[in-house]
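S.K.: predicted coordinates and the sequence they were generated for:
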Amino acid sequence: MFCLLLQAGSAWAADEEASAPAEETEAIEAPAEPTADSAYTQARSIELGTTRSHLSAGNPSWSGVYVAGVWQSNAGNVFDWIAEQDSRFGEHGVALNGGWNHDFNPDWFGRLELGRSSSGTFWPGTHYGAALNRKWLAERNLVTTFGLAYNDNRQGYSDRILTLGLVYYFAAPWVIEGGVHRTISNPGGVASMQGYGAVTYGRNAWRLVTLAINAGGEGYMPIGNNQPRQLFDSQLYQLSWREWVGKHWGLHAGVELYHSPYYQRSGLTTAVFWDLP
């Protein structure tokens, strides 16, 4: 879900391209019919994918399928969602998560999140989230995030999460971001903190490559129907590559490596996506 928040926040804060030459041309002679690409100016897409992970310490492999989408209804509102069915630790579950990004004015935008799952102790039964974002500097290419989230887990514990984040958009096709998650898990008032960072290269409709790292403490870890592990350190490394093969469609591949005192995990994601008019 945090990945969803980052993705929507990055897309929402993207630089606006200079439009003066296009406006001058339009003033001379407006086209009688819209061009073939005029219907694709808003952020609208759908993605179908599969996931597969291998775990150490005798744990069964993970597998899953998902469908995700983004829909921009107008200049001030973007919605995103993901529905996934996974098998992990010998359990099966279906989850649906959605988010809404709303632009209050040129400097401020916010986000709301809601998630539910049908079964599977490896997922929260319910997820709530909200974030407030501020654009800074003359070109509004520095974005700060203050977020709060709540997870109600099926193994009898809950998480309250505070997120502080920072994203900077360079003039060249580079984006860097970083921040921290501060989590209080109950019962027990278990406090943990994780830091995250990511670097993205590319641009929309061409190529997007992202390297992300998340490391620090975890308050609880669900491991199937077993008793959850409590208060330990872990690291997660992710590499994502989105390549537009055609004008309005492409392929997405991702790999990730997770390390904890209890098991190691290596995962692969493969997907195809389409831009929608």
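M.R.: That came in fine, so what should we check first? Numbers count the residues shown, from 1 in each chain.
S.K.: would you mark the buried spots in stretch 265-273?
M.R.: 265, 267, 269, 271, 273 (16 or more other Cβ atoms under 10 Å). To be clear about C-beta, it is placed using only N, CA and C from the backbone, and glycine gets the same treatment.
S.K.: contacting residues for the second one?
M.R.: In other words, residue 267. Taking Cβ atoms under 8 Å, 6 or more residues apart in numbering, we find residue 267 in contact with 51, 52, 53, 54, 62, 254, 255, 256, 257, 258.
S.K.: any chance of the buried residues of stretch 265-273 in TSV, plus secondary structure?
M.R.: What follows is the buried residues of stretch 265-273, written out as TSV (DSSP: H, G, I helix; E, B strand; the rest coil):
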residue	secondary structure
265	strand
267	strand
269	strand
271	strand
273	strand
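S.K.: quick revisit: quick check: PyMOL command selecting the buried ones in the contacts of residue 267.
M.R.: In PyMOL, a selection of the buried entries from these looks like this (16+ other Cβ under 10 Å):
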select buried, resi 51+53+62+254+256+258
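S.K.: next step: the contacts of residue 267 restricted to helices.
M.R.: Members of the contacts of residue 267 lying in helices (criterion: DSSP state H): none.
S.K.: any idea which of the contacts of residue 267 is the one closest to residue 103?
M.R.: Closest approach to residue 103 among the contacts of residue 267 (Cβ to Cβ): residue 254, at 28.6 Å.
S.K.: that closest one and residue 45, how far apart?
M.R.: Shown here: residue 254 relative to residue 45, a distance of 16 Å by Cβ to Cβ, to the nearest Å.
S.K.: include pLDDT and distance to residue 212 when you put the contacts of residue 267 into JSON lines, please.
M.R.: Formatted as JSON lines, the contacts of residue 267 follow (pLDDT from 0 to 100; distance: Cβ to Cβ, whole Å):
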{"residue": "51", "pLDDT": "98", "distance to residue 212": "16"}
{"residue": "52", "pLDDT": "98", "distance to residue 212": "19"}
{"residue": "53", "pLDDT": "98", "distance to residue 212": "16"}
{"residue": "54", "pLDDT": "97", "distance to residue 212": "20"}
{"residue": "62", "pLDDT": "96", "distance to residue 212": "19"}
{"residue": "254", "pLDDT": "98", "distance to residue 212": "10"}
{"residue": "255", "pLDDT": "98", "distance to residue 212": "11"}
{"residue": "256", "pLDDT": "98", "distance to residue 212": "9"}
{"residue": "257", "pLDDT": "98", "distance to residue 212": "11"}
{"residue": "258", "pLDDT": "97", "distance to residue 212": "12"}
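S.K.: nice, that's everything, thank you.
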